[in-house]
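K.L.:
Predicted model and sequence below, questions to follow.
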Amino acid sequence: MSLAAFALAVVTSAHVILYKRDVRAAIGWTGLIWLSPFIGAMLYLVLGVNRLQRKAGKLRRSLLFLPSDSSAVDLLPRQERGAMLPQGDPFATLASLVDGITRQPLTDGNRIEPLVNGEEAYPAMLEAIDSASVSIAMMSYIFDYDAAGRMFVEALVRAVDRGVDVRVLVDGVGAKYGKPRITKVLAERGVRVAAFLDTWVPAQMTYMNMRNHRKILVVDGRIGFTGGMNIREGSLLEREPDHPIQDLHFRIEGPVVRELLDTFAEDWLFVTGERLEDDSWRPPLESVGTSIARGVPDGPDENFETHRWTFLGAIAQARERIEIVTPYFIPDQTLVTALNTAAMRGVHVEVLIPEKSNLRFVQWASTAGLWQLLIRGVDIRLTQPPFDHTKLFVVDRHWVMFGSSNWDARSLRLNFEFNVECYDPQLAGAVEQLIAAKRKTARPVTLAEVNGRPLPVRLRDGVARLFSPYL
């Protein structure tokens, strides 16, 4: 090893030792750095260093990104920061935990409606866009210029022509999924649009492993939409697309919509430097329903692992039933232990995942780890095609979490995500009906089936699992 390679290995491995929280990740990176001179260090500098956390900290310290009353939330005592669950509510301890994790207010008076597939979600979103009179904030991981995307492009252009203040943010990688790129199309039509960490920009190449996976639409600061649905024709199942996708989105009204908007505003500032300070973006929000809800942003910045901690808290809270629906299921060992512990103390733990994933390598990695849960009594079921992109987490028919996060390391450690937690038995009941419909056609996975795979298949799946931190 040359002197230069040795020096570089010393410096980068020292950074790993000082800043990597996960011991296994630290060991892996250190080994790669020393066993692959120069290459290992370069890979670590590009993929392993979390620069966004530092940049987010600078933004917060300079009070740039929360320009209105929401910036004061962190300064208030916890009991004064939002709605409180009734005394004696069994979920009050979970609400207190998430309060401490997120420092986001828990708000009462919200109305939340699930929207199934593009057939329900897209018309509701387009109707809201066409009704906009003041502002539209829209963010998506994937926004294709196909049959679905064109409907949104035309609606956004009509809004601009009416004088509505429109901002659209698309992830730099997700924008490349379709051609022509939606950012180019929108810019040419006069819509203010930006790409989140566009990986073709040399200065942003070091952030290439950190993607904005959030899906948020806020109209006039009053009507919000979020969930797991991208903008693409595959979600319109009635059109029989080549690659159909089942999915779920939510229409939201009430005070929690402000948290959707503030998340968008922070991301927009991060990318463009523009602060959405005008009061027209943030009108007063009144109580319109009965849902107690909170927005929970997550990312490799100051919100690091908020979803993972919330998942662990909700699992510990469960007394009767846990229901998880996710397209990608590669939980880390801590989450596996938490789910197994819940199952062993008598909680019915059920996980619904697609029988046929749209990402074969991810499916291999997921299958390799299922035995760890099956052996402890977790009920794992495979939903039938078309591919189900739905993301739901329900506990004891009372607490619901939905949004953009998957149960894998990429969502819980690398991506920017946004979920909403709700303390609402009525909403939980409606969501459980949707889960029950999926369960009817899903088939259970057995330990014998997983263990009975041919040795070459098990080896293939096991190798894929080695890459799970980056899938």
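P.N.:
Perfect, thanks for sending it.

K.L.:
what's near enough to touch Asp278?
P.N.:
Asp165 (CB atoms under 8 Å, 6 or more residues apart in numbering). For every residue, glycine as well, the C-beta is placed using N, CA and C.

K.L.:
Which pLDDT value goes with it?
P.N.:
We have a pLDDT of 88 for Asp278.

K.L.:
what does Asn110 give?
P.N.:
In this model, Asn110 carries a pLDDT of 98.

K.L.:
pretty sure it is in a strand, no?
P.N.:
Yes: checked against DSSP: H, G, I helix; E, B strand; the rest coil, Asn110 lies within a strand.

K.L.:
who's in contact with Arg251?
P.N.:
Ile112, Glu113, Leu115, Ala124, Ala128, Ile223, Gly224, Phe225.

K.L.:
Which one of the residues you listed is nearest to Ala159?
P.N.:
Ala128 (10.2 Å; CB to CB).

K.L.:
Nearest residue to that closest one in space, please, no chain neighbours.
P.N.:
Using CB to CB, 6 or more residues apart in numbering and skipping residues adjacent in sequence, the residue nearest Ala128 is Val219, 4.4 Å away.

K.L.:
So what's the residue count around the one you found?
P.N.:
24 (other CB atoms under 10 Å).

K.L.:
Could you list the buried residues of the helix or strand containing Leu339?
P.N.:
Applying DSSP states H and E as the criterion places Leu339 in helix 333-344. Within helix 333-344, the residues that count as buried by 16 or more other CB atoms under 10 Å are Leu335, Val336, Ala338, Leu339, Asn340, Ala342, Ala343.

K.L.:
As CSV, those residues with pLDDT and distance to Asp198 would be great.
P.N.:
Formatted as CSV, the buried residues of helix 333-344 follow (pLDDT from 0 to 100; distance: CB to CB, whole Å):
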residue, pLDDT, distance to Asp198
Leu335, 97, 32
Val336, 97, 36
Ala338, 98, 37
Leu339, 98, 37
Asn340, 98, 41
Ala342, 98, 42
Ala343, 98, 44
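
K.L.:
can you put these in a markdown table and add distance to Ile435?
P.N.:
Listed next are those as a markdown table, based on distance: CB to CB, whole Å:
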| residue | distance to Ile435 |
| --- | --- |
| Leu335 | 19 |
| Val336 | 21 |
| Ala338 | 20 |
| Leu339 | 17 |
| Asn340 | 21 |
| Ala342 | 17 |
| Ala343 | 18 |
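
K.L.:
got the buried residues for stretch 457-471?
P.N.:
By neighbour count with 16+ other CB under 10 Å, stretch 457-471 contains the buried residues Arg458, Arg460, Asp461, Ala464, Arg465, Ser468, Pro469, Leu471.

K.L.:
of those, closest to Glu417?
P.N.:
Closest to Glu417, out of all of those and judged by CB to CB, is Leu471, at 15.2 Å.

K.L.:
a strand runs through Val153, doesn't it?
P.N.:
No: counting by three-state DSSP, Val153 is not found in a strand; it is helix.

K.L.:
For Leu217, see how far away it is.
P.N.:
Distance, Val153 to Leu217, by CB to CB, to the nearest Å: 14 Å.

K.L.:
Between those two, point out the one with more neighbours.
P.N.:
Ranked by neighbour count (other CB under 10 Å), Val153 and Leu217 place Leu217 first, with 26 against 19.

K.L.:
That one against Gly224, yeah?
P.N.:
Yes: using CB atoms under 8 Å, Leu217 is in contact with Gly224, at 6.8 Å.

K.L.:
Identify the bridge partners of the residue nearest to Ala442 when sequence neighbours are not counted.
P.N.:
Spatial nearest neighbour of Ala442, chain neighbours left out: Arg381 (3.9 Å); criterion: CB to CB, 6+ apart. Applying DSSP bridges to Arg381 gives these bridge partners: Leu352, Pro444.

K.L.:
Run a quick neighbour tally on Arg381.
P.N.:
By other CB under 10 Å, neighbour count at Arg381 equals 17.

K.L.:
what's the answer for Ala7, then?
P.N.:
Neighbour count of Ala7, defined by other CB under 10 Å: 12.

K.L.:
now it, what's its secondary structure?
P.N.:
helix.

K.L.:
The one 3 residues further on too?
P.N.:
Assigned with three-state DSSP, Val10 falls in the helix class.

K.L.:
residues in contact with it?
P.N.:
Contacts of Val10 (CB under 8 Å, 6+ apart): none.

K.L.:
Identify each buried residue in stretch 259-277, please.
P.N.:
By neighbour count on 16+ other CB under 10 Å, the buried set for stretch 259-277 is 259-271, 276.

K.L.:
List every C-alpha atom in it, with coordinates, as PDB.
P.N.:
The C-alpha trace of stretch 259-277 is given here as PDB (Å, rounded to 0.1, in the frame of the first residue of the first chain):
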ATOM      1  CA  GLU A 259     -47.100  20.000   9.100                       C
ATOM      2  CA  LEU A 260     -47.300  18.800   5.500                       C
ATOM      3  CA  LEU A 261     -46.700  22.300   4.200                       C
ATOM      4  CA  ASP A 262     -43.800  23.000   6.600                       C
ATOM      5  CA  THR A 263     -42.100  19.800   5.500                       C
ATOM      6  CA  PHE A 264     -42.500  20.900   1.900                       C
ATOM      7  CA  ALA A 265     -41.300  24.400   2.700                       C
ATOM      8  CA  GLU A 266     -38.100  23.100   4.400                       C
ATOM      9  CA  ASP A 267     -37.300  20.800   1.400                       C
ATOM     10  CA  TRP A 268     -38.000  23.600  -1.100                       C
ATOM     11  CA  LEU A 269     -35.700  25.900   0.900                       C
ATOM     12  CA  PHE A 270     -33.000  23.200   1.000                       C
ATOM     13  CA  VAL A 271     -33.100  22.900  -2.800                       C
ATOM     14  CA  THR A 272     -33.800  26.400  -4.000                       C
ATOM     15  CA  GLY A 273     -33.000  28.800  -1.200                       C
ATOM     16  CA  GLU A 274     -36.400  30.300  -1.400                       C
ATOM     17  CA  ARG A 275     -38.400  30.800   1.800                       C
ATOM     18  CA  LEU A 276     -42.200  30.400   1.500                       C
ATOM     19  CA  GLU A 277     -42.800  33.100   4.200                       C
END
